[in-house]
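Undergrad: Need a 3D model of the following:
(chains A and B)
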Amino acid sequence: MSKEKIKNSLKVGSDKDGYFGEYGGIAAGENLMKNLEELKAAFQDAIKDKKFLDEFAYYCKHWIGRPSPIYFAENLTKKIGGAKIYFKQEHLNHTGSHKPTNTLFQVLLAKRMGKKKIICESGAGQHWSAAAATAAKFSMPIFGVMGDIDVKKVNQNIIKAKHYGGKLKVVPGALREAITFAIKEWSNNPDYYYLIGSTCSSSPFVDIVRYAQSIIGKEMREQFMELEGRLPNEIIGCAGSGSNFTGSMFEFLDEPKIKKVVVEAEETAALTNGTKGIQQGMVTKFLQSDDGSKSLGGSSLGSGIMYYGISPQLAHLNDIGAIEASTASDKELLETYKLVAQNEGIGISFEPAAAITEALKRAKGKPKDYIICVTACGRVEKDLDVIEELIGKDFE
Amino acid sequence: MIAYFVACYPSFEKSLELIKKSIDAGVNICELGFPTQEASGEGIVIKKAHDHCLERSVSLKDTIKLAKAVRDYNKDVGIVLMGYMSNIFRYPIDKFVKDLASVDADGCLVVDAPHELREENQLRNALNKENLSMIKLVAPTTTDERLKKLSSIFSGWVYSLNFSGISGSKSADLEQVKSMIKKIRNYTSLPICSGFGIKTPEDAKKIAQTGCDGVIVGTAIVDFIEKNIDDKNLPEKVGNIIKNFVKHL
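TA: Take a look at the predicted model:
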């Protein structure tokens, strides 16, 4: 399906002001405006450069190990009784999540821009370990910021990133606080490259991350055509702010018959329970106090889906009915983790457990030729300690 | 001299008292910062004061009340509300502007609202209709091209940032400040006020000699309040500090 043929295609980036409908834009301080303008120009230039794109494709294949396979979860499908459940196995990528695709793209972009140093934030540490690995590979010094709540939970990623040479600053809080701190550091050092991990920030970051991650959906199209001779009926992904879900479904946005379902942590479901606001550099939906002075929302076991905002593009697509939103509770994350481990021999992290929870609910009772593809965006290593502590007994 | 205060810090009454003393001591324009959790442009000192106020549920409404009390005390002093889009957007924008006009404030300055943001345009248009100013910032990283665009929307005065970074984090480089003021002067006839990195009256004196029309002191004042929060004579002492700054200008 070519883009030219589609009127009002949804497979587009932000408009000239960086908005998706009424969300997005740039709500940043004056001292960052030059950086953001430079970044936008550099991004638009880079994606026209065949040599740059070839280099990205080369390292995607040989360093990350893309394409990540799709996998028919036959035992789960039988157990649930209904639709065929497929996993898009993003956890098999190098560093164990969908994150290195984005860090690879942006580190190559940073190098192309002549940047000498990188700063980034992270929630679950998946972005941090991927960013540190990529920075090591391309010889760039990197400085990361994470909240202490998350650091306690995801020790493995912290250790890995340290071994790759990343320097980590721990601030009180979680992803929200990490982003705020990283942006402040970037304000103080505008010559750094700010390597954002997800689709929640000022324009053009939302477009950059989506561009890199939309490889997930492109691979899915090819893989399903090859294996099933058709495309899935539903695509499901979890979202903290939205990079793996956006990357999974963007390719199919002009195919309304394919349902696209995003799953947030019940405790921090900005898309379902949030209100429109302007924070963290953009207009989007947030869990916030009525007067916009404070953020709201509880905590989730899934650090990577524990965020009080949502991608402005997803906020827009949800408003116009192009995607659906759902939530999963901590209890469900644990149950789904156990189910997947015991039936498929795959250890997924808490974040994709949210998406798989929804997939299992939707698969039940559906016709046998109905296909649901759910993106498994992370492996369990980072969560093992928490799981052992909470439900370790269940496995004895 | 322009002084930045975190509105209602440490409390509505004390905040009003110390602002009154500051006006008596010679402050020309009061920036009243309304608290927000993110405060992405603020360093540790100002952020801590914001958090103090948020814990006591101080809102933008309280800041507007404070602005009214300041106006009741002095009809000539400039009053500018300073903060972030989040609070104004939720207020919402039109009501904020109406309330600002009704308490006879002079305008507002929004840290995270570049003119590229549509909501900034809404706010600026609404302010202009009420004859209020949207104070714009210029940073060392602002390009000539942007400055040209900004020059058509400057209103009231221009806030020239002495360094790229968050409040209170660095010192000002005099040569850089000088050349920045000169650069901005090419684009506007409005007063140019220089802020960030002015920690002592001596700093203020040096900055005043760079060709700017005013100096802005923020973190130094908030820091003093923070360190003397329980002092019974806090308002008088803040007044004395301001006096010392003004004397050096």
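Undergrad: Can you give me the domain assignment for chain A?
TA: Using automatic domain parsing, the domain parsing of chain A gives A:33-60+A:99-210, A:65-96+A:214-395.
Undergrad: Please produce CSV containing those, extended by mean neighbour count and mean pLDDT.
TA: The way it works is simple: take the backbone N, C-alpha and C, and place the C-beta from them, glycine included. Output for the domains of chain A, formatted as CSV (neighbours: other Cβ atoms under 10 Å in any protein chain shown; pLDDT from 0 to 100):
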stretch, mean neighbour count, mean pLDDT
domain A:33-60+A:99-210, 22, 95
domain A:65-96+A:214-395, 22, 97
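Undergrad: To residue B:65, which of these lies closest?
TA: Closest of these to residue B:65 is domain A:65-96+A:214-395, at 13.8 Å (criterion: Cβ to Cβ).
Undergrad: Is the closest one positioned near chain B?
TA: Yes: using Cβ under 8 Å from any Cβ of the partner chain, domain A:65-96+A:214-395 comes into contact with chain B via A:275-281, A:283, A:288, A:290-295.
Undergrad: about what we covered before: can I get the domains of chain A in a markdown table with distance to residue B:167?
TA: Shown next, in a markdown table, are these (distance: least, Cβ to Cβ, whole Å):
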| stretch | distance to residue B:167 |
| --- | --- |
| domain A:33-60+A:99-210 | 10 |
| domain A:65-96+A:214-395 | 18 |
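Undergrad: how about those domains, which one is nearest residue B:171?
TA: Per Cβ to Cβ, nearest to residue B:171 of the domains of chain A: domain A:33-60+A:99-210, 12.7 Å.
Undergrad: which residues does residue B:193 bridge with?
TA: Following DSSP bridges, residue B:193 is listed with bridge partners residue B:159, residue B:214.
Undergrad: give the contact list for it.
TA: Residue B:193 makes contacts with B:2, B:29, B:157-160, B:212-216, as judged by Cβ atoms under 8 Å, 6 or more residues apart in numbering or on different chains.
Undergrad: switch the cut-off to 10 Å
TA: Counting by Cβ atoms under 10 Å, 6 or more residues apart in numbering or on different chains, residue B:193 makes contact with B:1-2, B:28-29, B:135, B:156-160, B:181, B:207, B:212-216.
Undergrad: Filter those down to the buried ones and hand me the PyMOL line.
TA: What follows is the PyMOL syntax selecting those of the contacts of residue B:193 that are buried according to 16 or more other Cβ atoms under 10 Å in any protein chain shown:
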select buried, chain B and resi 1+2+29+135+156+157+158+159+160+181+207+212+214+215+216
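Undergrad: how about the nearest residue to residue B:117, chain neighbours excluded?
TA: Beyond its immediate neighbours in the sequence, the residue positioned closest to residue B:117 (Cβ to Cβ, 6 or more residues apart in numbering or on different chains) is residue A:25, lying 5.1 Å away.
Undergrad: Which residue would be the closest one in the stretch 201-350 of chain A to chain B?
TA: With Cβ to the nearest Cβ, the shortest gap between the stretch 201-350 of chain A and chain B falls at residue A:292, namely 3.4 Å.
Undergrad: can you pull the pLDDT of the closest residue in space to that residue that isn't next to it in sequence?
TA: For residue A:292, ignoring the flanking residues on the chain, the nearest one in space by Cβ to Cβ, 6+ apart is residue B:90 at 3.4 Å. Reading off the confidence values, residue B:90 has pLDDT 98.
Undergrad: So residue B:90 sits against residue B:34, correct?
TA: No: with contact taken as Cβ atoms under 10 Å, residue B:90 and residue B:34 are classed as non-touching, separated by 11.6 Å.
Undergrad: Please list all residues in contact with residue B:80.
TA: B:2, B:4, B:29-33, B:67, B:100, B:105-109, B:132-135, B:156-157, B:159.
Undergrad: Strands of the stretch 251-396 of chain A, residue ranges please.
TA: For the stretch 251-396 of chain A, the strands defined by DSSP state E, counting those that start in this stretch occupy A:259-265, A:275-279, A:282-286, A:324-328, A:371-375.
Undergrad: Residue A:220 is nearest to which of these?
TA: strand A:371-375 (6.2 Å).
Undergrad: How far does that closest one sit from its chain's centre?
TA: A distance of 16 Å separates the C-alpha centroid of strand A:371-375 from that of its chain, computed with Cα atoms, centre = their mean, to the nearest Å.
Undergrad: Put the alpha carbons of that strand into PDB.
TA: The C-alpha atoms that make up strand A:371-375 are tabulated as PDB, following Å, rounded to 0.1, in the frame of the first residue of the first chain:
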ATOM      1  CA  ILE A 371      -4.100 -13.600  14.800                       C
ATOM      2  CA  ILE A 372      -2.900 -11.400  17.600                       C
ATOM      3  CA  CYS A 373       0.700 -10.200  17.600                       C
ATOM      4  CA  VAL A 374       2.000  -8.900  20.800                       C
ATOM      5  CA  THR A 375       5.400  -7.200  21.100                       C
END
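Undergrad: tell me the angle that strand makes with strand A:259-265.
TA: In this structure, strand A:371-375 runs at an angle of 40 degrees to strand A:259-265, with axes from the mean of the first three to the mean of the last three Cα atoms, to 10 degrees as the basis.
Undergrad: Strand A:371-375 pairs with which strands, parallel or anti?
TA: Strand pairing for strand A:371-375, determined by DSSP bridges: strand A:84-88 (parallel), strand A:234-238 (parallel).
Undergrad: Look at residue A:232 and give its secondary structure.
TA: Three-state assignment for residue A:232 (DSSP: H, G, I helix; E, B strand; the rest coil): coil.
Undergrad: hang on, isn't it packed against residue A:251?
TA: No: the criterion here is Cβ under 10 Å, and residue A:232 misses it with residue A:251 at 11.5 Å.
Undergrad: what residues are up against residue 53?
TA: Here I'm looking at chain A. Going by Cβ under 10 Å, 6+ apart, residue A:53 touches A:46-47, A:105, A:108.
Undergrad: try again with chain B
TA: Contacts of residue B:53 were listed using Cβ under 10 Å, 6+ apart, and they are A:293, B:6-12, B:15, B:33-36, B:59, B:62-63.
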